[in-house]
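> okay, predicted coordinates and the sequence, questions at the end:
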Protein chains: 2
Amino acid sequence: MSKHLLQDLDFLQKEIMNIASMAEQATSKALLALLNRRVELAKEVIDEDETIDRKEVQIEEECLKVLALHQPVATDLRFIIAVIKVNNDLERIGDLAVNIAERATYLARHDPLQISLDFPEMADAVSTMLHRSLDALAKADIVLAREVLAMDDAVDAANRTTFVRLQELMYKNPESIKRAVHLMSVSRHLERIGDLATNIAEEVVYMVEGEIIRHADSFHHAEDYGDGE
Amino acid sequence: MSKHLLQDLDFLQKEIMNIASMAEQATSKALLALLNRRVELAKEVIDEDETIDRKEVQIEEECLKVLALHQPVATDLRFIIAVIKVNNDLERIGDLAVNIAERATYLARHDPLQISLDFPEMADAVSTMLHRSLDALAKADIVLAREVLAMDDAVDAANRTTFVRLQELMYKNPESIKRAVHLMSVSRHLERIGDLATNIAEEVVYMVEGEIIRHADSFHHAEDYGDGE
């Protein structure tokens, strides 16, 4: 491998970690806004999304440049394609964080619902998945990537439980319907962030093993499967 | 351009149109299953998703081969990267069709709700967007692509209206809550298919003009923006 290609791949690696930490921060901040009813934090998430969007565009441009300049093959080519796809997933995570922040804003301006939901646990699980999938990408670590895949079922189950509880609340208290619908959206968005972390982990396995596991288990794949069940 | 590269790009074009027509058919069939309460059609959508998944994997492999073999630059490189991303979007559309089919199955087994929703119009708009975005890709036609972008707001508005109507129904008739939540999911999935068609159209503009318009309007971008408002 040429020294320049090595430098460029290194740079891409750093850049993808940058956008990843932006997406991670947006997610945690949106959840903090939701759980602590902090409208100003939600606003920050919404305002800062533009930076993530710009970063995505930059990284993709950079990938195209590296492809055109060095015309890499084999592992290097797979790595760059993985960066392009992961970059896209991270930008989508930023969008989902914005959505959660929007719900948080609405909910903070209305009376809290008397219901206990597993959002803190779900948020923890999703953050861990995201963090671990990016670590797996940075280290090309399949073991770590597979840990992420194993966590996705628990998040899906938590999403289903949340839907059932919110539906029960709606039956009992029709005044809660609008707020409950917003909370269902939050739950679904969290579950989708988990799915995107799963995508990233699968991309790592694929990159390292050249094996496509994405469609091995169709349950993981239908993105919103199970919400509202 | 070498004759072989030309042939390979042609092949990729045909393959992306194949998976596109699969995704389009899955979407129309899922909507037919929903509107006409046909469980057997829903089952077909669910069963056939595997074929779309396999096709996605094949196309991506093919793209990597073409990149490694011909090391294309400029327009050809952009085209192949666009194919990789559009391929991904189409596979996600297949997943969303599966989700709609699952809702359709549940709804067909329960009494219909007495509510008039704009699903046929929304479905028409989304099908047109999808069809036109793929046509734009095939012909590298920016005018067509921009038409798709212009249609997205109407679909977003229809999704919002559907949410409002379903919430009103839930207030009036708590027995409808579970079915209404399923219908909200259908509406949101349709809206997301519209978003993915928008992604494809933006990819075409980007490919042709080398201009990134994806983040020009952040409203289009927050994927589920507006549901439940």
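Now that the structure is in, tell me what you want to look at.
> low-confidence stretches in chain A?
A:1, A:211-229 (pLDDT under 70).
> in contact with the most centrally placed residue in chain A, which residues?
By CA atoms, centre = their mean, the mean C-alpha position of chain A lies nearest to A:I193, the distance being 3.2 Å. Going by CB atoms under 8 Å, 6 or more residues apart in numbering or on different chains, A:I193 touches A:27, A:93, A:96-97, A:126, A:130. Where C-beta positions appear, they are placed from N, C-alpha and C, glycine not excepted.
> where's it, which helix or strand?
Counting by DSSP states H and E, the element that carries A:I193 is helix A:177-209.
> remind me, longest helix of chain A?
If you go by DSSP state H, chain A has its longest helix at helix A:74-108.
> okay, stretch A:28-45 in CSV with CA atoms only?
This file holds the C-alpha atoms of stretch A:28-45, laid out as CSV (Å, rounded to 0.1, in the frame of the first residue of the first chain):
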residue,chain,number,x,y,z
SER,A,28,-27.6,11.2,24.4
LYS,A,29,-28.5,14.9,24.5
ALA,A,30,-31.9,14.2,22.9
LEU,A,31,-32.6,11.6,25.5
LEU,A,32,-31.4,13.8,28.4
ALA,A,33,-33.8,16.5,27.0
LEU,A,34,-36.6,13.9,27.1
LEU,A,35,-35.9,12.4,30.5
ASN,A,36,-35.2,15.7,32.3
ARG,A,37,-37.7,17.8,30.3
ARG,A,38,-35.0,20.2,29.1
VAL,A,39,-36.2,22.2,26.1
GLU,A,40,-33.0,24.1,25.7
LEU,A,41,-31.0,20.8,25.2
ALA,A,42,-33.6,19.7,22.6
LYS,A,43,-33.0,22.9,20.8
GLU,A,44,-29.3,22.3,20.7
VAL,A,45,-29.8,18.9,19.1
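> and for it, what's in contact with it?
Under CB under 8 Å, 6+ apart, the answer for stretch A:28-45 is A:26, A:97-98, A:100-105, A:107-109, A:112, A:119-120, A:123, A:127, A:186, A:190.
> of those, grab the buried ones for ChimeraX.
Paste this into ChimeraX to select the buried members of the contacts of stretch A:28-45, with burial taken from 16 or more other CB atoms under 10 Å in any protein chain shown:
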select /A:26,97,98,100,101,102,103,104,105,107,108,119,123,127,186,190
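> of the contacts of stretch A:28-45, list those near chain B.
A:98, A:102-103 (CB under 8 Å from any CB of the partner chain).
> closest one to chain B out of those residues, please.
A:V98 (4.8 Å; CB to the nearest CB).
> mind checking how far that closest one is from A:A197?
Distance of A:V98 to A:A197, computed by CB to CB, to the nearest Å: 17 Å.
> do A:V39 as well
A:V39 is 27 Å from A:A197, by CB to CB.
> tell me which of these two has more neighbours.
A:A197 (32 against 15; other CB atoms under 10 Å in any protein chain shown).
> so that one touches A:A150, yeah?
No. At 12.0 Å, A:A197 does not count as touching A:A150 under the criterion of CB atoms under 8 Å.
> in space, what's closest to A:R78 - neighbours in sequence excluded?
Excluding the flanking residues, the one nearest A:R78 by CB to CB, 6 or more residues apart in numbering or on different chains is A:M207, at 4.9 Å.
> number of nearby residues for A:V143?
8.
> tell me the angle the helix or strand hosting it makes with helix B:177-209.
Following DSSP H and E, one finds A:V143 within helix A:142-172. Orientation of helix A:142-172 against helix B:177-209 (axes from the mean of the first three to the mean of the last three CA atoms, to 10 degrees) gives an angle of 130 degrees.
> and helix A:142-172, what does it pack onto?
Contact here means 3 or more CB pairs under 8 Å, 6 or more residues apart in numbering or on different chains; DSSP states H and E; on that basis helix A:142-172 packs against helix A:119-139, helix A:177-209, helix B:177-209.
> quick one on the thing from earlier: check which residues of the helix holding A:I193 are buried.
A:177-208.
> and stretch A:157-164, by the same measure?
Those would be A:158-160, A:162-163, for stretch A:157-164 by 16+ other CB under 10 Å.
> swap in stretch A:72-80?
A:72, A:76-80.
> for the residues you listed, which one is nearest chain B?
Of these, the one sitting nearest to chain B (CB to the nearest CB) turns out to be A:L77, at 5.8 Å.
> list the contacts of that closest one.
Taking CB under 8 Å, 6+ apart, we find A:L77 in contact with A:67, B:64, B:67-68.
> select only the buried ones of the residues you listed in ChimeraX?
Buried residues among those (16+ other CB under 10 Å), as a ChimeraX selection:
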select /A:67 /B:64,67
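> which ones among the contacts of A:L77 map onto helices?
A:67, B:64, B:67-68.
> redo those as TSV? Include distance to A:F11.
Putting the ones in helices among the contacts of A:L77 into TSV (distance: CB to CB, whole Å) gives the following:
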residue	distance to A:F11
A:L67	14
B:L64	22
B:L67	20
B:A68	22
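> which of the ones next to chain B among the contacts of stretch A:28-45 sits closest to B:N88?
A:V98 (21.2 Å; CB to CB).
> isn't the closest one right next to A:D47, touching?
No. The criterion here is CB under 8 Å, and A:V98 misses it with A:D47 at 9.6 Å.
> ok so, going back, closest one to A:Q58 out of the buried residues of stretch A:157-164, please.
A:N159 (32.9 Å).
> chain B versus the closest residue to that closest one other than its chain neighbours, what's the distance?
Distances taken as CB to CB, 6+ apart place A:E191 nearest to A:N159, at 4.0 Å, with adjacent residues excluded. Separation of A:E191 from chain B (CB to the nearest CB, to the nearest Å): 12 Å.
> and what of A:T51?
Taking CB to the nearest CB, one finds A:T51 at 10 Å from chain B.
> contacts only, for that residue.
A:M22.
> do the same with A:L196
Here A:L196 is in contact with A:89-90, A:92-93, A:96, A:130 (criterion: CB under 8 Å, 6+ apart).
> and the nearest residue to A:G194 once chain neighbours are set aside, how many neighbours?
Distances taken as CB to CB, 6+ apart place A:V155 nearest to A:G194, at 4.0 Å, with adjacent residues excluded. By other CB under 10 Å, 25 other residues sit near A:V155.
> having no further points to raise, I will conclude here.
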